[in-house]
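J.: what's the 3D shape of this:
(one chain, ligands or ions: 1)
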Amino acid sequence: MSAVRIERTGPDSAARMADVHAVCFQRFWSAGEIAAMMQMPTTLGLVARSGDATVGMALYRIAADEAELLTIGVVPERRGQGVGEQILWRGEHEAAARGARRMFLEVSTLNTAAKSLYLGHGYVQIGCRRGYYGDGSDALVLEKTLASDGQGSGSKLITPLSE
Ligand SMILES: CC(C)(COP(=O)(O)OP(=O)(O)OC[C@H]1O[C@@H](n2cnc3c(N)ncnc32)[C@H](O)[C@@H]1OP(=O)(O)O)[C@@H](O)C(=O)NCCC(=O)NCCS
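T.: I've put the predicted structure just below:
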């Protein structure tokens, strides 16, 4: 199995990102929606590539000293291998390099894998949106303080597999 590379990407990758999104979420985003988001200068797009395959993706919004993880997904056959962790680390690093000092995200209380990923990487709960998701589940609002090197206090120090 090829090593995974995390790469910054642009609107040209929208179709590949949409393919990943579609196998990760019931309410997935179209290539057109993703491309439109990626036209905005505040959007950061990351893909995880293994050989020629796109095995993961994430979109962030970065504005001034705040950043938000809008979405992150890893194809089912490559989960549990550290790909999500690598994408998360790279997004934090890129956001910090652009001046962000805090990262925010929302996660369903029912999403065990994602909650473990975030809570294991220094995110703390700062709020809860009741019945936020279509399935009626609540959204936890999480925040992490980013250090200027992208590693927040309380996070595991991760050496990226590849940049
Ligand atoms: C959430 C998601 C991105 C994680 O990606 P991944 O590549 O499988 O995650 P990793 O292999 O990097 O795992 C990192 C950590 O996440 C946690 N984790 C990942 N999968 C888990 C699972 N099935 N159960 C519990 N914890 C899990 C663990 O803490 C793990 O650390 P560890 O391996 O040291 O125990 C992936 O499961 C996914 O795409 N889910 C569908 C889309 C989604 O829900 N996105 C998040 C929306 S908020």
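
J.: where along this protein do the helices fall?
T.: Shown for the chain, the helices assigned by DSSP state H span residues 14-24, 31-38, 83-97, 112-119.

J.: ok, longest strand in the chain?
T.: As assigned by DSSP state E, the longest strand anywhere in the chain is strand 53-63.

J.: that strand - contacts with which helices or strands?
T.: Counting contacts by 3 or more CB pairs under 8 Å, 6 or more residues apart in numbering; DSSP states H and E, strand 53-63 packs against helix 14-24, helix 31-38, strand 43-50, strand 66-74, helix 83-97. In this view, the C-beta of every residue, glycine as well, is placed from N, C-alpha and C.

J.: so which of these gets nearest the ligand?
T.: Closest to the ligand of the helices and strands packed on strand 53-63, according to CB to the nearest ligand atom: helix 83-97, at 2.4 Å.

J.: quick one: average pLDDT of the longest strand of the chain?
T.: In this model, strand 53-63 has a mean pLDDT of 98.

J.: how close does Met1 get to Gly51?
T.: The spacing between Met1 and Gly51, counted by CB to CB, to the nearest Å, is 9 Å.

J.: so what strands line up beside the longest strand of the chain?
T.: strand 43-50 (antiparallel), strand 66-74 (antiparallel) (DSSP bridges).

J.: and the angle for it with helix 31-38?
T.: Per axes from the mean of the first three to the mean of the last three CA atoms, to 10 degrees, the angle that strand 53-63 makes with helix 31-38 is 40 degrees.

J.: wait, does strand 53-63 contact the ligand?
T.: No - with CB under 6 Å from any ligand atom as the criterion, the ligand is not reached by strand 53-63; the gap is at least 6.7 Å.
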